[in-house]
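> this one's sequence-less:
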């Protein structure tokens, strides 16, 4: 692994961006799927995933789903059940079904109620390996939010087969339907609907730049969780932190690919030297090891980056936990490796990247729920409010709005 060693300076950091050719290519795929439906999805699946499917093979047959759980290794099955239980427990704690009711001085009430969307889709990337953990993160969170119908799609493997571990995770998470499709064509099918795929209300999940650009282009037709880039990790470490564990955690996140930015900031130069030595045999990629004046300076710079994952290691660094605002997920202490969050801690691993943690949250039940105000105005309240409302309406040039309120008085 290539190590960049230095001190903190103002510099450009990783951001998610898509080149114009990606935008144009994705726009063509979306238009084709919208116009030709299943036929276009199958054509693109053969072209990009090298898998030939018949017109009745996009949706995975229930018998194939049922058989998948029995084929799992016991340890994998136990791991999935642990992840499902913990992600579900954290998600349930975030759901509030009781409406917020406000009684106002004029005698009327405004309630804010939450309702889940009816249909949601989880995109599960194929990449270097199948990602059953993404099924858990998306499907369990959507189910806990109250979504009625959950669809999962993943690119098919050789021979057009859906990966058995993905199918098994879908069964264990009580997914409604599963499709063998990936790429921009899958996003188009889910957003617009085809002969085999019913359109959804929300699409979530990671994926390559074409998948993310497709999600961006269908915003407005459906809701999305955000635009995800490569996985990111920043470690803020202070004296006493274990350099071997720091290096291991950086290398672990670099497993996602050589474009995943991983960094360690510390005021302890000797600690950074030890981390650098431990990174020498790491995978392809790049790690930034940056020396700072103190841990407070490390935190200030990290908050500008707003990384997907932030780990605090060492007593002095861990004391900063309550001051962290901009991170997708925060891990505190030597035992809290980011990898636990990727799988079984119960937090969600679908997180904002590229600085989006400044304004965006990770996947949660709120992603699949919408708020709606419910207004009740008794006649006496309408009479009290009408003069104020009518004056504002006429000032804006809407006399019929004014009359509509005054008639109630």
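Cool, got the structure. It should be emphasised that the depicted structure is a prediction, and the values quoted were computed from it without experimental measurement. Numbers count the residues shown, from 1 in each chain.
> quick one: name whatever helix or strand follows the helix or strand where residue 331 lies.
According to DSSP states H and E, residue 331 maps onto strand 329-332. The first helix or strand that comes after strand 329-332 along the chain, using DSSP H and E, is helix 338-343.
> give me the contact list for that following helix.
With CB atoms under 8 Å, 6 or more residues apart in numbering as the test, helix 338-343 has contacts from 79, 83, 133, 233, 249, 252-253, 309, 311, 329, 331, 347, 349. Heads up, the C-betas are built off the backbone N, CA and C, glycines and all.
> residue 275: which of the residues you listed is nearest?
Nearest to residue 275 out of the contacts of helix 338-343 is residue 249 (CB to CB; 10.1 Å).
> how far out from the middle of the chain is the strand holding residue 331?
Centroid separation between strand 329-332 and its chain, computed with CA atoms, centre = their mean, to the nearest Å, is 16 Å.
> next, the buried residues of the longest helix seen in the chain.
The longest helix of the chain (DSSP state H) is helix 74-92. Neighbour-count burial for helix 74-92, counted by 16 or more other CB atoms under 10 Å, picks out 77, 79-80, 83-84, 86-88, 90-91.
> ok, stretch 157-175 next?
Those would be 157, 160, 162-173, 175, for stretch 157-175 by 16+ other CB under 10 Å.
> restricted to helices, list those residues.
With DSSP H as the criterion, helices contain 164-172 from among these.
> strand partners (parallel or antiparallel) of the strand holding residue 331?
In the sheet, strand 329-332 lines up against strand 309-313 (parallel) (DSSP bridges).
> and the next helix or strand past the partner strand?
Using DSSP H and E, the helix or strand that follows strand 309-313 towards the C-terminus is helix 315-318.
> touching that following helix from outside, list them.
If you take CB under 8 Å, 6+ apart as the criterion, helix 315-318 is touched by 236-241, 266, 295, 298, 312, 332-333.
> make a ChimeraX selection of whichever of the residues you listed turn out to be buried.
Only the buried entries of the contacts of helix 315-318 go into this ChimeraX selection, using 16+ other CB under 10 Å:
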select :236,237,238,241,266,295,298,312,332
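> of the contacts of helix 315-318, closest to residue 146?
Of the contacts of helix 315-318, the one sitting nearest to residue 146 (CB to CB) turns out to be residue 332, at 31.2 Å.
> on that earlier part again, so which of the contacts of helix 315-318 are in strands?
When the contacts of helix 315-318 are checked against strands (DSSP state E), the matches are 236-237, 266, 312, 332.
> save the residues you listed as a markdown table, and put in distance to residue 319 and pLDDT too.
Shown next, in a markdown table, are those (distance: CB to CB, whole Å; pLDDT from 0 to 100):
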| residue | distance to residue 319 | pLDDT |
| --- | --- | --- |
| 236 | 11 | 98 |
| 237 | 13 | 98 |
| 266 | 14 | 97 |
| 312 | 8 | 98 |
| 332 | 10 | 98 |
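> which members of the residues you listed are the farthest-apart pair?
Most distant of these, by CB to CB, are 266 and 332, 15.9 Å apart.
> okay, now the domains of this protein?
2-16+230-345, 20-101+115-224, 377-407 (automatic domain parsing).
> lowest average confidence across those, which one?
Least confidently modelled of the domains of the chain is domain 2-16+230-345, at a mean of 91 by mean pLDDT.
> now the terminal residues of it, how far apart.
This stretch, domain 2-16+230-345, spans 30 Å end to end (CA to CA, to the nearest Å).
> next secondary structure after the longest helix of the chain?
strand 100-103.
> what lies in contact with that next one?
Identification of contacts with strand 100-103 by CB under 8 Å, 6+ apart yields 109-112.
> do stretch 86-99 as well
Stretch 86-99 has contacts (CB under 8 Å, 6+ apart) with 111-114, 136-137, 140-141, 143-146, 344-348, 364-366, 369, 374.
> which of the residues you listed fall in helices?
Mapping these onto helices (DSSP H) picks out 136-137, 140-141, 143-145.
> which one (most neighbours) among the residues you listed?
Counting neighbours by other CB atoms under 10 Å, residue 141 leads the ones in helices among the contacts of stretch 86-99 with 32 neighbours.
> for that one, which non-adjacent residue is spatially closest?
residue 91 (4.9 Å; CB to CB, 6 or more residues apart in numbering).
> before we move on, what about residue 262?
Distance criterion CB to CB, 6+ apart; nearest residue to residue 262, sequence neighbours excluded, is residue 250 at 4.3 Å.
> what's the neighbour count on that neighbour?
Number of residues near residue 250 (other CB under 10 Å) recorded here: 28.
> for residue 129, phi and psi?
The phi/psi pair for residue 129 (degrees, to the nearest 10) reads phi -160, psi 170.
> how much space separates it from residue 338?
Per CB to CB, to the nearest Å, residue 129 is found 18 Å from residue 338.
> which one of the two has more residues nearby?
residue 338 (23 against 10).
> which parts of the protein are strands?
Residue ranges of the strands in the chain, as given by DSSP E, are 2-7, 100-103, 109-116, 119-123, 149-154, 177-180, 202-204, 223-224, 233-237, 262-266, 286-291, 309-313, 329-332, 369-376.
> what's the closest of these to residue 409?
Nearest to residue 409, of the strands of the chain and by CB to CB, is strand 369-376 at 16.1 Å.
> mind giving me the packing neighbours of the closest one?
Applying 3 or more CB pairs under 8 Å, 6 or more residues apart in numbering; DSSP states H and E, we find strand 369-376 packed against strand 109-116.
> other SSEs contacting the strand it packs on?
Here strand 109-116 touches strand 100-103, strand 369-376, going by 3+ CB pairs under 8 Å, 6+ apart.
> list of residues touching it?
Strand 109-116 is contacted by residues 96-97, 99-104, 145-148, 368-376 when judged by CB under 8 Å, 6+ apart.
> again, but for stretch 293-303
By CB under 8 Å, 6+ apart, the list of residues contacting stretch 293-303 from outside reads 8, 234, 236, 238, 265-267, 290, 292, 310, 316-317, 320, 323-327.
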